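1. Could you work out the structure for the sequence below:
(one chain, ligands or ions: 1)
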Amino acid sequence: MAKKSEEGITAKKEENFSEWFTQILQRCELTDIRYNIKGFLVHRPWAVLTMEKMYKFFEETLQKKAHNPCWFPTLIPEENLEKESSHIGGFTPSVFWVTKGGKTNFQKKIALRPTSETAFYQMFALWIRSHNDLPFKIYQRANIFRYETKATRPLLRDREFYWIEAHCVHATEKDAFNQVQEDMQTTKEVMHDIFGLPFIFFERPSWDKFPGASRTFAADALNPDGKLVQQPSTHMISQKFSKAFDVKFKDKNGKEKYAYITCYGPAISRIFASVIITHGDDKGLRFPWEIAPLQVTIIPIDKKLNKKAEELKNQIKKFATVKIDYSDKRPGEKFNHWEMKGVPVRIDLGLKDSQKKKLTIFRRDLNKKEIISEKDTTKTIQKISKEFTKNLIKQADKVFEGRIKGTKNLKEIKSAIKQGTIAQCGFCSVEKDGEKCAEVIEKHVGAEVRGTKLDEKNKNSGKCVICRKKANHIVYIAKSY
Ligand SMILES: [Zn+2]
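-> Numbering: from 1, shown residues only. Next up, the predicted model:
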(Lines give C-alpha, C1' and ligand atoms only; values in the text may rest on other atoms or scores of the structure.)
Protein backbone atom coordinates (compact mmCIF):
# COMPACT_ATOMS: atom_id res chain seq x y z
CA MET A 1 0.00 0.00 0.00
CA ALA A 2 1.16 3.52 -0.79
CA LYS A 3 2.41 5.61 2.11
CA LYS A 4 0.00 8.29 3.26
CA SER A 5 1.93 11.22 1.80
CA GLU A 6 1.86 9.50 -1.59
CA GLU A 7 -1.90 9.10 -1.74
CA GLY A 8 -3.41 11.02 -4.61
CA ILE A 9 -6.37 13.39 -4.47
CA THR A 10 -9.57 11.35 -4.23
CA ALA A 11 -12.17 14.10 -3.61
CA LYS A 12 -13.68 15.85 -6.65
CA LYS A 13 -13.27 19.62 -6.74
CA GLU A 14 -16.76 20.38 -8.05
CA GLU A 15 -18.57 17.77 -5.95
CA ASN A 16 -16.91 18.16 -2.58
CA PHE A 17 -14.86 21.32 -2.66
CA SER A 18 -14.13 21.46 1.07
CA GLU A 19 -12.69 17.93 1.23
CA TRP A 20 -10.79 18.50 -2.03
CA PHE A 21 -9.12 21.61 -0.58
CA THR A 22 -8.21 19.79 2.64
CA GLN A 23 -6.66 16.90 0.69
CA ILE A 24 -4.69 19.27 -1.55
CA LEU A 25 -3.20 21.12 1.42
CA GLN A 26 -2.14 17.87 3.12
CA ARG A 27 -1.17 15.59 0.29
CA CYS A 28 0.65 18.19 -1.80
CA GLU A 29 2.56 19.06 1.40
CA LEU A 30 1.58 22.73 1.42
CA THR A 31 0.50 23.30 5.02
CA ASP A 32 0.13 21.44 8.29
CA ILE A 33 -2.64 22.22 10.76
CA ARG A 34 -1.19 20.08 13.55
CA TYR A 35 0.74 22.93 15.19
CA ASN A 36 -0.49 23.16 18.77
CA ILE A 37 -2.10 26.63 18.79
CA LYS A 38 -5.49 26.76 17.11
CA GLY A 39 -5.66 28.85 13.95
CA PHE A 40 -1.85 28.99 13.52
CA LEU A 41 -0.65 27.24 10.41
CA VAL A 42 2.69 25.71 9.44
CA HIS A 43 3.55 26.59 5.84
CA ARG A 44 5.72 23.92 4.22
CA PRO A 45 8.41 24.46 1.56
CA TRP A 46 6.20 23.83 -1.50
CA ALA A 47 3.87 26.61 -0.31
CA VAL A 48 6.61 29.01 0.78
CA LEU A 49 8.61 28.64 -2.45
CA THR A 50 5.48 29.71 -4.32
CA MET A 51 4.52 32.54 -1.95
CA GLU A 52 8.08 33.92 -2.03
CA LYS A 53 7.67 34.33 -5.79
CA MET A 54 4.24 35.88 -5.30
CA TYR A 55 5.73 38.37 -2.84
CA LYS A 56 8.44 39.21 -5.35
CA PHE A 57 5.96 40.04 -8.14
CA PHE A 58 3.87 42.25 -5.85
CA GLU A 59 6.87 44.04 -4.36
CA GLU A 60 8.54 44.63 -7.70
CA THR A 61 5.33 46.10 -9.08
CA LEU A 62 4.89 48.34 -6.04
CA GLN A 63 8.49 49.56 -6.28
CA LYS A 64 8.04 50.32 -9.98
CA LYS A 65 5.14 52.54 -8.92
CA ALA A 66 7.34 54.47 -6.47
CA HIS A 67 6.49 52.66 -3.24
CA ASN A 68 9.48 52.12 -0.95
CA PRO A 69 9.92 49.16 1.40
CA CYS A 70 10.15 49.46 5.18
CA TRP A 71 9.88 47.19 8.23
CA PHE A 72 7.86 48.17 11.27
CA PRO A 73 7.75 46.46 14.69
CA THR A 74 5.26 43.63 15.19
CA LEU A 75 4.16 45.22 18.47
CA ILE A 76 1.88 48.25 18.69
CA PRO A 77 1.16 50.09 21.98
CA GLU A 78 -2.48 50.12 23.06
CA GLU A 79 -2.48 53.94 23.14
CA ASN A 80 -1.94 54.00 19.35
CA LEU A 81 -5.01 51.85 18.82
CA GLU A 82 -7.00 54.05 21.17
CA LYS A 83 -6.21 57.18 19.21
CA GLU A 84 -8.75 56.48 16.55
CA SER A 85 -11.82 55.21 18.30
CA SER A 86 -13.70 53.98 15.24
CA HIS A 87 -10.57 52.05 14.34
CA ILE A 88 -10.21 50.35 17.65
CA GLY A 89 -13.95 49.71 17.59
CA GLY A 90 -13.34 47.66 14.49
CA PHE A 91 -10.35 45.68 15.65
CA THR A 92 -10.25 45.39 19.45
CA PRO A 93 -12.24 42.15 19.65
CA SER A 94 -9.71 40.43 17.42
CA VAL A 95 -6.47 41.74 18.94
CA PHE A 96 -3.91 39.46 20.58
CA TRP A 97 -2.49 41.32 23.59
CA VAL A 98 0.96 40.99 25.09
CA THR A 99 0.71 41.68 28.82
CA LYS A 100 3.96 40.36 30.23
CA GLY A 101 7.70 40.44 29.50
CA GLY A 102 9.57 37.73 31.39
CA LYS A 103 8.24 38.02 34.94
CA THR A 104 7.24 41.67 34.61
CA ASN A 105 3.60 42.57 34.08
CA PHE A 106 3.30 45.51 31.70
CA GLN A 107 1.42 48.55 32.97
CA LYS A 108 0.02 49.06 29.48
CA LYS A 109 -0.93 46.27 27.11
CA ILE A 110 0.84 45.89 23.77
CA ALA A 111 -0.95 44.58 20.67
CA LEU A 112 0.36 42.08 18.13
CA ARG A 113 -0.40 44.07 14.97
CA PRO A 114 -3.86 43.30 13.55
CA THR A 115 -2.93 45.81 10.77
CA SER A 116 -0.45 48.68 11.03
CA GLU A 117 -2.20 52.01 10.33
CA THR A 118 -1.67 53.19 13.88
CA ALA A 119 2.01 52.21 13.79
CA PHE A 120 2.74 53.90 10.46
CA TYR A 121 0.77 57.09 10.97
CA GLN A 122 2.51 58.26 14.11
CA MET A 123 5.79 58.06 12.16
CA PHE A 124 4.22 59.88 9.20
CA ALA A 125 3.56 62.77 11.58
CA LEU A 126 7.31 62.93 12.27
CA TRP A 127 8.50 62.46 8.69
CA ILE A 128 6.13 64.57 6.60
CA ARG A 129 6.61 68.31 6.61
CA SER A 130 5.79 69.86 3.28
CA HIS A 131 3.87 69.30 0.04
CA ASN A 132 7.28 68.41 -1.44
CA ASP A 133 7.24 65.23 0.66
CA LEU A 134 4.01 64.08 -1.01
CA PRO A 135 2.93 61.68 -2.27
CA PHE A 136 4.70 59.60 0.35
CA LYS A 137 4.43 55.88 -0.45
CA ILE A 138 5.82 53.05 1.67
CA TYR A 139 4.94 49.41 2.25
CA GLN A 140 6.03 46.42 4.29
CA ARG A 141 5.75 42.67 3.98
CA ALA A 142 4.57 41.39 7.33
CA ASN A 143 2.68 38.77 9.25
CA ILE A 144 -0.53 39.90 10.88
CA PHE A 145 -2.36 38.54 13.93
CA ARG A 146 -6.11 38.47 14.39
CA TYR A 147 -8.00 36.55 17.02
CA GLU A 148 -10.65 35.24 14.62
CA THR A 149 -13.67 33.99 16.47
CA LYS A 150 -15.38 32.47 13.42
CA ALA A 151 -14.22 28.98 12.44
CA THR A 152 -10.68 29.20 11.10
CA ARG A 153 -9.83 27.69 7.73
CA PRO A 154 -6.25 27.09 6.53
CA LEU A 155 -4.99 29.94 4.30
CA LEU A 156 -8.48 31.47 4.05
CA ARG A 157 -8.91 32.48 7.66
CA ASP A 158 -5.98 31.95 10.01
CA ARG A 159 -5.12 33.78 13.20
CA GLU A 160 -1.74 34.64 11.73
CA PHE A 161 -1.38 35.41 8.03
CA TYR A 162 1.12 36.90 5.60
CA TRP A 163 0.55 40.06 3.64
CA ILE A 164 1.86 43.30 2.23
CA GLU A 165 0.49 46.58 3.54
CA ALA A 166 1.11 49.76 1.57
CA HIS A 167 0.36 53.09 3.23
CA CYS A 168 0.41 56.32 1.24
CA VAL A 169 -0.01 59.98 2.12
CA HIS A 170 -1.45 62.53 -0.34
CA ALA A 171 -2.11 66.24 -0.47
CA THR A 172 -5.65 66.04 -1.84
CA GLU A 173 -8.65 63.74 -1.86
CA LYS A 174 -8.30 63.50 -5.62
CA ASP A 175 -4.71 62.25 -5.31
CA ALA A 176 -5.92 59.70 -2.76
CA PHE A 177 -8.58 58.47 -5.16
CA ASN A 178 -5.98 58.18 -7.95
CA GLN A 179 -3.89 56.03 -5.60
CA VAL A 180 -6.85 53.75 -4.97
CA GLN A 181 -7.24 53.36 -8.73
CA GLU A 182 -3.52 52.63 -9.09
CA ASP A 183 -3.89 49.92 -6.41
CA MET A 184 -6.72 48.35 -8.36
CA GLN A 185 -4.57 48.37 -11.48
CA THR A 186 -1.67 46.78 -9.55
CA THR A 187 -4.03 44.05 -8.41
CA LYS A 188 -5.01 43.34 -12.01
CA GLU A 189 -1.41 43.34 -13.26
CA VAL A 190 -0.19 40.92 -10.61
CA MET A 191 -3.15 38.88 -9.42
CA HIS A 192 -4.84 38.41 -12.77
CA ASP A 193 -2.11 38.76 -15.39
CA ILE A 194 0.60 36.77 -13.53
CA PHE A 195 -1.23 34.59 -10.98
CA GLY A 196 -4.16 34.02 -13.34
CA LEU A 197 -6.94 34.86 -10.88
CA PRO A 198 -10.22 36.35 -12.07
CA PHE A 199 -11.93 38.74 -9.62
CA ILE A 200 -14.26 41.71 -9.43
CA PHE A 201 -13.16 44.90 -7.67
CA PHE A 202 -16.14 46.20 -5.69
CA GLU A 203 -16.68 49.39 -3.80
CA ARG A 204 -18.14 48.06 -0.57
CA PRO A 205 -21.50 49.45 0.61
CA SER A 206 -21.21 52.13 3.30
CA TRP A 207 -22.21 49.62 6.02
CA ASP A 208 -19.41 47.25 5.06
CA LYS A 209 -16.41 49.58 4.97
CA PHE A 210 -13.06 48.97 6.64
CA PRO A 211 -13.22 50.54 10.11
CA GLY A 212 -12.01 54.11 9.75
CA ALA A 213 -12.24 54.29 5.95
CA SER A 214 -14.33 56.78 4.02
CA ARG A 215 -14.38 54.48 0.98
CA THR A 216 -13.39 50.81 0.73
CA PHE A 217 -12.64 48.90 -2.45
CA ALA A 218 -12.04 45.15 -2.40
CA ALA A 219 -11.37 42.44 -4.97
CA ASP A 220 -13.50 39.31 -4.60
CA ALA A 221 -12.44 35.97 -6.07
CA LEU A 222 -14.87 33.06 -6.38
CA ASN A 223 -14.65 29.49 -5.04
CA PRO A 224 -16.36 26.48 -6.66
CA ASP A 225 -18.85 26.35 -3.77
CA GLY A 226 -20.12 29.79 -4.84
CA LYS A 227 -18.54 31.65 -1.92
CA LEU A 228 -16.50 34.78 -2.52
CA VAL A 229 -13.06 35.26 -0.99
CA GLN A 230 -12.06 38.85 -0.30
CA GLN A 231 -8.65 39.48 -1.85
CA PRO A 232 -6.68 42.79 -1.85
CA SER A 233 -8.56 45.78 -0.57
CA THR A 234 -7.64 49.44 -0.84
CA HIS A 235 -9.09 52.19 1.32
CA MET A 236 -9.43 55.91 1.39
CA ILE A 237 -8.85 56.46 5.08
CA SER A 238 -11.09 58.99 6.73
CA GLN A 239 -9.34 62.25 7.69
CA LYS A 240 -10.12 61.40 11.28
CA PHE A 241 -6.91 59.36 11.12
CA SER A 242 -4.66 62.17 9.95
CA LYS A 243 -6.26 64.36 12.61
CA ALA A 244 -5.83 61.71 15.33
CA PHE A 245 -2.17 61.16 14.40
CA ASP A 246 -1.41 64.73 13.37
CA VAL A 247 -0.34 63.90 9.83
CA LYS A 248 0.00 67.42 8.38
CA PHE A 249 1.92 69.20 5.66
CA LYS A 250 2.56 72.79 4.58
CA ASP A 251 1.06 73.55 1.17
CA LYS A 252 2.63 75.85 -1.47
CA ASN A 253 1.42 78.92 0.40
CA GLY A 254 2.87 77.70 3.67
CA LYS A 255 -0.56 76.85 5.02
CA GLU A 256 -0.78 73.78 7.25
CA LYS A 257 -3.21 71.06 6.09
CA TYR A 258 -4.24 67.57 7.14
CA ALA A 259 -3.18 64.88 4.68
CA TYR A 260 -5.27 62.25 2.89
CA ILE A 261 -4.15 58.69 3.55
CA THR A 262 -4.74 55.47 1.59
CA CYS A 263 -3.85 51.89 2.45
CA TYR A 264 -3.69 48.77 0.31
CA GLY A 265 -3.36 45.20 1.58
CA PRO A 266 -2.76 42.16 -0.62
CA ALA A 267 -2.71 39.10 1.68
CA ILE A 268 -0.24 36.75 0.04
CA SER A 269 -1.26 33.62 1.97
CA ARG A 270 -4.91 34.17 1.10
CA ILE A 271 -4.15 34.90 -2.57
CA PHE A 272 -2.17 31.66 -2.52
CA ALA A 273 -5.39 29.89 -1.43
CA SER A 274 -7.14 31.33 -4.50
CA VAL A 275 -4.27 30.19 -6.74
CA ILE A 276 -4.71 26.63 -5.44
CA ILE A 277 -8.50 26.77 -5.69
CA THR A 278 -8.79 28.48 -9.08
CA HIS A 279 -6.25 26.44 -11.02
CA GLY A 280 -6.28 23.08 -9.20
CA ASP A 281 -8.18 20.13 -10.67
CA ASP A 282 -9.09 16.58 -9.67
CA LYS A 283 -5.47 15.46 -10.13
CA GLY A 284 -4.11 18.14 -7.80
CA LEU A 285 -2.33 21.48 -8.06
CA ARG A 286 -1.62 23.51 -11.18
CA PHE A 287 0.69 26.50 -10.83
CA PRO A 288 1.09 29.37 -13.28
CA TRP A 289 4.56 29.09 -14.85
CA GLU A 290 5.95 32.26 -13.22
CA ILE A 291 5.18 31.25 -9.64
CA ALA A 292 5.55 27.44 -9.81
CA PRO A 293 7.92 26.24 -7.04
CA LEU A 294 9.50 24.00 -9.70
CA GLN A 295 8.88 24.37 -13.44
CA VAL A 296 10.22 21.15 -14.99
CA THR A 297 10.77 17.58 -13.73
CA ILE A 298 12.69 14.92 -15.61
CA ILE A 299 11.87 11.26 -15.09
CA PRO A 300 14.43 8.79 -16.44
CA ILE A 301 12.51 5.53 -16.63
CA ASP A 302 15.72 3.46 -16.72
CA LYS A 303 19.07 4.02 -14.96
CA LYS A 304 20.77 3.89 -18.35
CA LEU A 305 19.12 7.22 -19.09
CA ASN A 306 20.49 9.05 -16.04
CA LYS A 307 23.33 10.58 -18.02
CA LYS A 308 20.95 11.87 -20.64
CA ALA A 309 18.71 13.28 -17.87
CA GLU A 310 21.70 15.21 -16.46
CA GLU A 311 22.53 16.60 -19.89
CA LEU A 312 18.94 17.77 -20.34
CA LYS A 313 18.89 19.29 -16.88
CA ASN A 314 22.01 21.35 -17.63
CA GLN A 315 20.40 22.57 -20.80
CA ILE A 316 17.04 23.48 -19.19
CA LYS A 317 18.39 25.06 -15.99
CA LYS A 318 19.56 28.02 -18.08
CA PHE A 319 15.96 29.22 -18.42
CA ALA A 320 13.79 27.25 -15.95
CA THR A 321 13.95 25.54 -12.56
CA VAL A 322 14.39 21.80 -13.08
CA LYS A 323 14.89 18.60 -11.05
CA ILE A 324 15.43 14.94 -11.91
CA ASP A 325 13.33 12.41 -10.00
CA TYR A 326 15.75 9.62 -8.99
CA SER A 327 13.42 8.20 -6.31
CA ASP A 328 12.70 4.47 -6.32
CA LYS A 329 8.96 4.88 -6.99
CA ARG A 330 7.42 3.23 -10.04
CA PRO A 331 7.19 5.49 -13.13
CA GLY A 332 3.38 5.68 -12.88
CA GLU A 333 3.65 6.84 -9.27
CA LYS A 334 6.19 9.49 -10.26
CA PHE A 335 3.92 10.79 -13.04
CA ASN A 336 0.97 11.07 -10.63
CA HIS A 337 3.13 12.66 -7.95
CA TRP A 338 4.39 15.53 -10.12
CA GLU A 339 0.99 16.08 -11.70
CA MET A 340 -0.48 16.36 -8.21
CA LYS A 341 2.28 18.76 -7.16
CA GLY A 342 1.40 21.05 -10.07
CA VAL A 343 4.77 21.14 -11.87
CA PRO A 344 4.01 22.71 -15.28
CA VAL A 345 6.18 20.44 -17.47
CA ARG A 346 7.33 16.85 -17.08
CA ILE A 347 9.84 15.11 -19.34
CA ASP A 348 9.58 11.32 -19.51
CA LEU A 349 12.72 9.59 -20.76
CA GLY A 350 12.08 6.04 -22.00
CA LEU A 351 14.51 3.56 -23.61
CA LYS A 352 12.50 3.10 -26.81
CA ASP A 353 12.02 6.83 -27.40
CA SER A 354 15.66 7.42 -26.60
CA GLN A 355 16.84 5.03 -29.33
CA LYS A 356 14.89 7.15 -31.78
CA LYS A 357 16.35 10.34 -30.23
CA LYS A 358 12.89 11.28 -28.94
CA LEU A 359 11.30 12.04 -25.58
CA THR A 360 7.82 12.66 -24.12
CA ILE A 361 6.72 16.00 -22.74
CA PHE A 362 3.65 16.30 -20.49
CA ARG A 363 2.17 19.76 -19.94
CA ARG A 364 -0.14 20.38 -17.00
CA ASP A 365 -1.98 23.39 -18.48
CA LEU A 366 -3.66 21.20 -21.10
CA ASN A 367 -2.99 17.82 -19.42
CA LYS A 368 -1.51 16.63 -22.71
CA LYS A 369 1.44 14.46 -23.77
CA GLU A 370 3.55 15.15 -26.79
CA ILE A 371 6.47 13.18 -28.30
CA ILE A 372 9.22 15.44 -29.61
CA SER A 373 12.76 15.16 -30.99
CA GLU A 374 15.43 15.52 -28.31
CA LYS A 375 16.99 18.39 -30.20
CA ASP A 376 13.74 20.38 -29.92
CA THR A 377 13.57 20.19 -26.11
CA THR A 378 14.65 23.75 -25.32
CA LYS A 379 12.55 25.27 -28.07
CA THR A 380 9.46 23.31 -27.00
CA ILE A 381 9.73 24.10 -23.30
CA GLN A 382 10.37 27.77 -23.97
CA LYS A 383 7.26 27.85 -26.15
CA ILE A 384 5.19 26.13 -23.44
CA SER A 385 6.53 28.57 -20.82
CA LYS A 386 5.11 31.47 -22.84
CA GLU A 387 1.69 29.86 -23.35
CA PHE A 388 1.26 28.19 -19.98
CA THR A 389 -0.10 30.98 -17.78
CA LYS A 390 -2.15 32.40 -20.65
CA ASN A 391 -3.92 29.04 -20.93
CA LEU A 392 -4.64 28.94 -17.20
CA ILE A 393 -5.98 32.51 -17.33
CA LYS A 394 -8.24 31.68 -20.28
CA GLN A 395 -9.66 28.64 -18.48
CA ALA A 396 -10.19 30.52 -15.20
CA ASP A 397 -11.78 33.59 -16.83
CA LYS A 398 -14.23 31.39 -18.71
CA VAL A 399 -15.37 29.66 -15.51
CA PHE A 400 -15.72 33.01 -13.70
CA GLU A 401 -17.71 34.76 -16.43
CA GLY A 402 -20.16 31.87 -16.53
CA ARG A 403 -20.91 32.38 -12.87
CA ILE A 404 -22.47 35.85 -12.83
CA LYS A 405 -26.24 35.92 -13.27
CA GLY A 406 -28.61 38.84 -13.82
CA THR A 407 -31.60 38.68 -11.44
CA LYS A 408 -34.84 40.66 -11.05
CA ASN A 409 -36.33 39.58 -7.74
CA LEU A 410 -35.63 37.77 -4.47
CA LYS A 411 -36.69 34.41 -5.93
CA GLU A 412 -34.19 34.71 -8.77
CA ILE A 413 -31.44 35.80 -6.36
CA LYS A 414 -32.16 32.74 -4.21
CA SER A 415 -31.93 30.42 -7.17
CA ALA A 416 -28.72 32.04 -8.48
CA ILE A 417 -27.04 31.71 -5.06
CA LYS A 418 -28.21 28.12 -4.73
CA GLN A 419 -26.50 27.33 -8.03
CA GLY A 420 -23.24 28.78 -6.71
CA THR A 421 -23.30 31.90 -8.88
CA ILE A 422 -23.01 35.61 -8.14
CA ALA A 423 -26.36 37.44 -8.50
CA GLN A 424 -26.34 40.83 -10.19
CA CYS A 425 -29.33 43.16 -9.71
CA GLY A 426 -30.68 46.71 -9.41
CA PHE A 427 -30.46 48.15 -5.90
CA CYS A 428 -31.80 51.32 -4.30
CA SER A 429 -28.79 52.66 -2.40
CA VAL A 430 -25.37 51.60 -1.14
CA GLU A 431 -25.50 54.45 1.37
CA LYS A 432 -27.12 54.02 4.75
CA ASP A 433 -30.77 53.82 3.58
CA GLY A 434 -30.11 50.72 1.46
CA GLU A 435 -28.91 48.71 4.45
CA LYS A 436 -32.48 47.56 5.25
CA CYS A 437 -32.84 46.02 1.77
CA ALA A 438 -29.43 44.31 2.20
CA GLU A 439 -30.66 42.88 5.51
CA VAL A 440 -33.73 41.42 3.78
CA ILE A 441 -31.45 39.67 1.28
CA GLU A 442 -29.16 38.41 4.03
CA LYS A 443 -32.12 37.07 6.01
CA HIS A 444 -33.86 35.29 3.13
CA VAL A 445 -30.90 34.18 1.04
CA GLY A 446 -27.99 34.10 3.50
CA ALA A 447 -25.94 36.15 1.04
CA GLU A 448 -24.45 39.65 1.16
CA VAL A 449 -24.50 42.73 -1.03
CA ARG A 450 -20.79 42.83 -1.94
CA GLY A 451 -20.91 46.24 -3.60
CA THR A 452 -20.80 48.13 -6.87
CA LYS A 453 -18.32 48.12 -9.73
CA LEU A 454 -16.72 51.52 -10.19
CA ASP A 455 -17.52 51.70 -13.90
CA GLU A 456 -21.22 50.95 -13.40
CA LYS A 457 -21.85 52.32 -9.91
CA ASN A 458 -24.31 54.97 -11.04
CA LYS A 459 -25.89 53.13 -13.93
CA ASN A 460 -29.65 53.34 -13.88
CA SER A 461 -31.05 49.83 -13.69
CA GLY A 462 -34.81 49.83 -13.11
CA LYS A 463 -36.12 49.14 -9.64
CA CYS A 464 -34.52 47.87 -6.43
CA VAL A 465 -35.04 44.09 -6.19
CA ILE A 466 -36.34 44.47 -2.65
CA CYS A 467 -38.12 47.81 -1.99
CA ARG A 468 -39.04 48.48 -5.67
CA LYS A 469 -37.87 52.10 -5.34
CA LYS A 470 -35.67 53.53 -8.09
CA ALA A 471 -32.47 51.50 -8.41
CA ASN A 472 -29.52 53.86 -8.31
CA HIS A 473 -26.92 51.12 -8.57
CA ILE A 474 -26.15 47.71 -9.97
CA VAL A 475 -24.92 45.52 -7.12
CA TYR A 476 -23.56 41.99 -6.81
CA ILE A 477 -24.76 39.50 -4.22
CA ALA A 478 -23.02 36.35 -3.05
CA LYS A 479 -22.07 34.26 -0.05
CA SER A 480 -18.61 34.77 1.36
CA TYR A 481 -16.09 33.31 3.79
ZN1 LIG B 1 -34.12 48.90 -1.83
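
2. who's in contact with Lys38?
-> Thr152, Arg159 (CB atoms under 8 Å, 6 or more residues apart in numbering). Every C-beta, even on glycine, is put in place using the N, C-alpha and C of the backbone.

3. what's the domain layout of the protein?
-> For the chain, automatic domain parsing gives the domain ranges 18-279, 294-384, 404-480.

4. Low-confidence ranges, the stretch 51-200 of the chain, go.
-> Applying pLDDT under 70 to the stretch 51-200 of the chain flags residues 86-89.

5. What are the boundaries of the strands in it?
-> 68-69, 75-77, 96-101, 104-112, 136-145, 160-170, 200-203 (DSSP state E, counting those that start in this stretch).

6. ok so, going back, rebuild the domains of the chain as a markdown table, extending it with distance to the ion.
-> Converted to a markdown table, the domains of the chain look like this (distance: least, CB to the ion, whole Å):
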| stretch | distance to the ion |
| --- | --- |
| domain 18-279 | 12 |
| domain 294-384 | 44 |
| domain 404-480 | 3 |
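
7. Reformat those domains as JSON lines; add distance to Ile393.
-> JSON lines is the format used below for those (distance: least, CB to CB, whole Å):
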{"stretch": "domain 18-279", "distance to Ile393": "4"}
{"stretch": "domain 294-384", "distance to Ile393": "10"}
{"stretch": "domain 404-480", "distance to Ile393": "17"}
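
8. Assess the claim that His279 and Ile393 are in contact.
-> No: with contact defined as CB atoms under 8 Å, His279 does not reach Ile393; the gap is 9.5 Å.

9. From the contact counts, what lies against the helix or strand where Lys352 lies?
-> Using DSSP states H and E, Lys352 maps to helix 351-355. Secondary-structure packing of helix 351-355 (3 or more CB pairs under 8 Å, 6 or more residues apart in numbering; DSSP states H and E): no helix or strand packs against it.

10. List the contacts of Arg204.
-> By CB under 8 Å, 6+ apart, the contact list for Arg204 reads Phe210, Thr216, Phe217, Ala218, Arg450, Gly451.

11. pLDDT wise, what is it at?
-> We have a pLDDT of 96 for Arg204.

12. any idea how far it lies from Gly254?
-> 38 Å (CB to CB, to the nearest Å).

13. For Phe272, grab phi and psi.
-> Main-chain torsions, Phe272, degrees, to the nearest 10: phi -60, psi -40.

14. my guess is it contacts Ala47, does it?
-> Yes: counting by CB under 8 Å, Phe272 touches Ala47, with 6.7 Å between them.

15. What's the local residue count around Gly462?
-> When counting by other CB atoms under 10 Å, one arrives at 12 neighbours for Gly462.

16. What's the separation between the closest residue to it other than its chain neighbours and Asn472?
-> Closest residue to Gly462 apart from its sequence neighbours, by CB to CB, 6 or more residues apart in numbering: Gly426 at 4.7 Å. Distance, Gly426 to Asn472, using CB to CB: 9 Å.

17. Next: Asp246.
-> Separation of Asp246 from Asn472 (CB to CB): 37 Å.

18. For the chain, which segments are assigned as helices?
-> 17-27, 45-64, 78-82, 85-91, 117-127, 173-187, 239-245, 268-279, 306-316, 331-340, 351-355, 377-401, 410-418, 435-445 (DSSP state H).

19. And the nearest residue to His444 once chain neighbours are set aside, how close does it get to Val465?
-> Spatial nearest neighbour of His444, excluding adjacent residues (CB to CB, 6+ apart): Leu410 at 6.0 Å. Distance, Leu410 to Val465, using CB to CB: 6 Å.

20. what touches both of the two?
-> With CB under 8 Å, 6+ apart, Leu410 and Val465 have common neighbours Ile441.

21. Find me the pLDDT at whichever residue of the stretch 251-400 of the chain sits closest to the ion, would you?
-> Using CB to the ion, Phe400 is the residue of the stretch 251-400 of the chain that sits closest to the ion, at 27.2 Å. In this model, Phe400 is scored at 96, pLDDT.

22. That one: what's its closest spatial neighbour, skipping adjacent residues?
-> Going by CB to CB, 6+ apart, Phe400 has Pro198 as its nearest residue, at 3.7 Å.

23. Distance check, the closest residue to Ile466 other than its chain neighbours against Val430.
-> Spatially, and ignoring its direct neighbours in sequence, Ile466 is nearest to Cys437 (3.9 Å; CB to CB, 6+ apart). Distance check for Cys437 against Val430: by CB to CB, it reads 10 Å.

24. So between these two, which is more surrounded?
-> Comparing Cys437 with Val430 by other CB under 10 Å, the one with more neighbours is Val430, at 23 against 20.

25. surely the more buried one meets Glu203?
-> Yes: with contacts counted by CB under 8 Å, Val430 reaches Glu203, the gap being 7.5 Å.

26. thinking Ala320 is in contact with Ile381, fair?
-> Yes: using CB under 8 Å, Ala320 is in contact with Ile381, at 6.5 Å.

27. Can you pull the residues that touch both of the two?
-> By CB under 8 Å, 6+ apart, the residues touching both Ala320 and Ile381 are Val296, Val345.

28. These two - which one has more neighbours?
-> Between Ala320 and Ile381, counting by other CB under 10 Å, Ile381 is the more crowded of the two (25 against 18).

29. which residues touch the more buried one?
-> Counting by CB under 8 Å, 6+ apart, the residues that Ile381 touches are Val296, Ile316, Phe319, Ala320, Val345, Ile361.

30. pLDDT for those - can I get that in TSV?
-> Output for the contacts of Ile381, formatted as TSV (pLDDT from 0 to 100):
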residue	pLDDT
Val296	98
Ile316	98
Phe319	98
Ala320	98
Val345	98
Ile361	98
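
31. Which among these count as buried?
-> Val296, Ile316, Ala320, Val345, Ile361 (16 or more other CB atoms under 10 Å).

32. and the residue lying closest to Glu19 once chain neighbours are set aside, how many residues sit next to it?
-> Using CB to CB, 6+ apart and skipping residues adjacent in sequence, the residue nearest Glu19 is Ala11, 4.0 Å away. Counted with other CB under 10 Å, the neighbours of Ala11 add up to 15.

33. ok, Ala11 touching Gln23?
-> Yes: if you go by CB under 8 Å, Ala11 and Gln23 touch, sitting 5.3 Å apart.

34. I figured Ala166 hits Leu62, correct?
-> Yes: assessed by CB under 8 Å, Ala166 is found in contact with Leu62 at 6.1 Å.

35. and for those two, which residues touch both?
-> Listed as contacting both Ala166 and Leu62 by CB under 8 Å, 6+ apart are Tyr139.

36. and the nearest residue to Tyr162 once chain neighbours are set aside, what does it touch?
-> Distances taken as CB to CB, 6+ apart put Ser269 closest to Tyr162, at 4.4 Å, once the chain neighbours are dropped. By CB under 8 Å, 6+ apart, the contact set of Ser269 is His43, Met51, Leu155, Asp158, Phe161, Tyr162, Trp163.

37. Who does the first one form a beta bridge with?
-> Per DSSP bridges, the residues bridged to His43 are Thr31.

38. quick one on the thing from earlier: and the residue nearest to Ile466, what is it in contact with?
-> Neighbour list for Cys437: Phe427, Cys428, Cys464, Val465, Ile466, Cys467 [criterion: CB under 8 Å, 6+ apart].
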